[in-house]
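In: Based on what follows, work out the 3D shape:
(one chain, ligands or ions: 2)
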Amino acid sequence: MNILAIESSCDETAAAVVRDGRTVLSSVIASQVEEHRLYGGVVPEIASRRHAEAISPVTRQALEQANVTLREIDAIAVTYAPGLIGALLVGVNFAKGLSMATGLPLVPTHHLRSHIASNYISNPELKPPFLCLVVSGGHSHIVMVEDYTKMKIIGRTRDDAAGEAFDKAARTMGMPYPGGIALDQVAENGDPHAFVLPRPVVHDAPYDFSFSGLKTAVINLIHNSAQKGEELKKEDVCASFRYAVVDCLTTNFLKAAQDLNVNKLVIAGGVSANSLLRRTLESECLTRGYQFYKPEKSLCGDNAAMVGAQGYYEYLSGNIAGPDLNAFATMSIE
Ligand code: KG4
Ligand code: ZN
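Out: Ligands and ions are numbered 1, 2, ... in the order given. Next up, the predicted model:
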């Protein structure tokens, strides 16, 4: 079964053709990041306008690269939540138009479920149930994936998402948006123990996260030293901050796995590209005898191949939308 998938939830316009949820025939991404970088973050109105311009050519390119025509497509999957509403509406309306014109079924797909599904592409043998740490620019969740379309939230952030914390810390150090990747690279050459940063815990909710205190601590550290005219070693600040965030994420994730007696662990979302997060979980899982799965780095960020993967399982479970499909800025993964 061939699915044409469309993604426009944030600042990437993407289309892909995916066979049977696991094989990527094509994946095209038009990124707007260079333009948003001028403003230090995503400007929603600009994002919507760029999606409107890019969506037709990107979809055409995805079909051409897969060497298929619309006649060889069996369903259209589209991201309909969560994300920037104006951005989502471009993809949803485009997919609805295509579905009406072709008579193909329309499959509404949840963005975070798609991030999880990027793992089905990178790890063909992976099947639920498993426990997944979903960490992106907007969300940080520990999710029990009971089946392809049945999920339960075990833990979540109470304030900032992990990606957001990385981006804000990076910005304070003068790195361009989105700073998470740059901070990760600089941290590779620093000492993670150079600065002691807090490990915020949420009382009575052992699997929940809180990153705003940690973010404030690193911003204060940078500002205080600047006021005193002291030069901080950037590599050490990045390494200490990255270590603190990864420590919070992995501690709660491993505790949840132990308490729930799950031995198959998966990571997903933009922050799952983080080198220290990948290395730490790789070795912790090896020590504990757990199976560990991660998406290849090219599938960690927003793309439509993952939408095609999740869309396949949504289609099999009967999740088909009518012509009145709407987009939603927020929606639980459950
Ligand atoms: O999943 P994603 O592409 O978009 C959302 O759905 O939010 O995640 C983007 C986030 C950004 O905050 C970006 O800085 C972060 O993922 N990110 C990283 C790394 N690569 C991307 N954060 C830390 N280390 C990385 N290597
Ligand atoms: Zn995303």
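In: mean confidence for stretch 289-302?
Out: Stretch 289-302 shows a mean pLDDT of 98 in the predicted model.
In: buried sites along that stretch?
Out: By neighbour count on 16 or more other C-beta atoms under 10 Å, the buried set for stretch 289-302 is 290, 292-295, 299-302. Backbone N, C-alpha and C define where each C-beta goes, glycine included.
In: Just give the nearest non-adjacent residue to the residue nearest to the spatial centre of the chain, would you?
Out: Central residue of the chain (C-alpha atoms, centre = their mean): residue 269, 2.5 Å from the mean position. Spatially, and ignoring its direct neighbours in sequence, residue 269 is nearest to residue 136 (3.6 Å; C-beta to C-beta, 6 or more residues apart in numbering).
In: quick one, what contacts that neighbour?
Out: Counting by C-beta atoms under 8 Å, 6 or more residues apart in numbering, residue 136 touches 112, 115, 161-163, 269-271.
In: Enumerate every residue touching the residue nearest to the centre of the chain.
Out: Residue 269 touches 112, 115, 134-136, 139, 163, 300, counting by C-beta under 8 Å, 6+ apart.
In: confidence score at it?
Out: Predicted confidence (pLDDT) for residue 269: 98.
In: i'd like the first residue to be 42 from this point on
Out: Okay, residue one is now 42; in that scheme the one you just asked about reads as residue 310.
In: Residue 161 versus that one, what's the distance?
Out: To residue 161, residue 310 is 15 Å away according to C-beta to C-beta, to the nearest Å.
In: ditto for residue 353
Out: Applying C-beta to C-beta to residue 353 and residue 161 gives a distance of 9 Å.
In: Mind listing the shared neighbours of those two?
Out: Residues touching both residue 353 and residue 161 (C-beta under 8 Å, 6+ apart) are 62-63.
In: hang on, the earlier thing: so which of the buried residues of stretch 330-343 is the closest to ligand 2?
Out: residue 343 (4.4 Å; C-beta to the ion).
In: ok, now which ones touch the residue nearest to that closest one when sequence neighbours are not counted?
Out: For residue 343, ignoring the flanking residues on the chain, the nearest one in space by C-beta to C-beta, 6+ apart is residue 53 at 4.3 Å. Contact partners of residue 53, counting by C-beta under 8 Å, 6+ apart, are 70-74, 342-344.
In: please redo it, this time with the cut-off set to 10 Å
Out: By C-beta atoms under 10 Å, 6 or more residues apart in numbering, residue 53 lies in contact with 70-74, 88, 91-92, 95, 99, 128, 342-345.
In: same thing with residue 342?
Out: 51, 53, 55, 70, 72, 74, 156, 159, 177-178, 219, 221-222, 310-314, 336.
In: switch to 6 Å and redo it
Out: Residue 342 makes contact with residue 311, according to C-beta atoms under 6 Å, 6 or more residues apart in numbering.
In: and it, which of the three is it?
Out: Reduced to three states with DSSP: H, G, I helix; E, B strand; the rest coil, the structure at residue 342 is coil.
In: Report the separation between it and residue 204.
Out: Residue 342 is 10 Å from residue 204, by C-beta to C-beta.
In: Identify the contacts common to those two.
Out: Jointly contacting residue 342 and residue 204 under the rule C-beta under 6 Å, 6+ apart are residue 311.
In: In the stretch 242-375 of the chain, which residue sits closest to ligand 1?
Out: Residue of the stretch 242-375 of the chain nearest ligand 1, by C-beta to the nearest ligand atom: residue 311 (2.0 Å).
In: Surely residue 69 is in contact with residue 101?
Out: No - between residue 69 and residue 101 there is no contact, the gap being 9.1 Å when judged by C-beta atoms under 6 Å.
In: higher neighbour count, the two?
Out: Set residue 69 next to residue 101 and count neighbours by other C-beta atoms under 10 Å: residue 69 wins out with 23 against 12.
In: so what pLDDT did the more buried one get?
Out: 98.
In: Tell me if I am right that it is in a helix.
Out: No - using three-state DSSP, the secondary structure at residue 69 is strand, not a helix.
In: Next, the contact list for it, please.
Out: Applying C-beta under 6 Å, 6+ apart, the residues near residue 69 are 56, 99, 102-103.
In: mind checking how far it is from ligand 2?
Out: Remark: distance between residue 69 and ligand 2 (C-beta to the ion, to the nearest Å) = 17 Å.
In: which bits of the stretch 242-375 of the chain sit near ligand 1?
Out: Residues of the stretch 242-375 of the chain lying close to ligand 1 (C-beta under 6 Å from any ligand atom) are 310-312, 314-315, 342-343.
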